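Engineer: my questions concern the predicted model and sequence given below.
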Amino acid sequence: MYTKDIANAFAKFLDSDVKGCVNIATGKGISLEDFARKFAKKMNAENLLTIKQELGNNPPFIVADNSRLINEVGYKIQYTTDKAIDEIILG
């Protein structure tokens with residue numbers, strides 16, 4: 001989740017009457033490898049990217065349930081992964 005979405009979602013949550021745990025997340029998973037590939041492609045630097053696979057028991061990605069954020073807090077996610085990368089690159 002892009003930092004601007006995190007900050008806005010957190011502010012909306014604090015301004016709401018919702019109690020308890022709320023996952024501030026997109027509800028969609030992306031691996032670090034896929035994120036790095038998207039970023040490198042947008043920078044025309046795919047040839048500079050080297051992906052090393054590490055052995056381990058960690059899942060490739062974790063997807064948080066953001067239903068309380070969307071349905072109870074009423075937050076609408078503003079940034080897709082591509083839009084966030086574009087903003088990071090272009091400023």
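Structural biologist: Done, it's in.
Engineer: and the helices in the chain, which stretches?
Structural biologist: Assigned by DSSP state H, the chain shows helices spanning 3-15, 32-42, 67-68, 81-90.
Engineer: would you turn these into CSV with mean pLDDT?
Structural biologist: Below are the helices of the chain laid out as CSV (pLDDT from 0 to 100):
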stretch, mean pLDDT
helix 3-15, 97
helix 32-42, 94
helix 67-68, 98
helix 81-90, 94
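Engineer: how about those helices in TSV, adding mean neighbour count and distance to Thr50?
Structural biologist: Glycine gets a C-beta too; all of them are placed from N, C-alpha and C. As requested, the helices of the chain are exported to TSV (neighbours: other Cβ atoms under 10 Å; distance: least, Cβ to Cβ, whole Å):
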stretch	mean neighbour count	distance to Thr50
helix 3-15	14	26
helix 32-42	14	10
helix 67-68	14	37
helix 81-90	13	19
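Engineer: of these, which is nearest Leu55?
Structural biologist: Of all the helices of the chain, helix 32-42 sits nearest to Leu55, with 14.6 Å by Cβ to Cβ.
Engineer: give me the contact list for that closest one.
Structural biologist: Around helix 32-42, the neighbours that count as contacts under Cβ atoms under 8 Å, 6 or more residues apart in numbering are 46, 48-49, 51, 60-61, 81-82, 85-86, 89.
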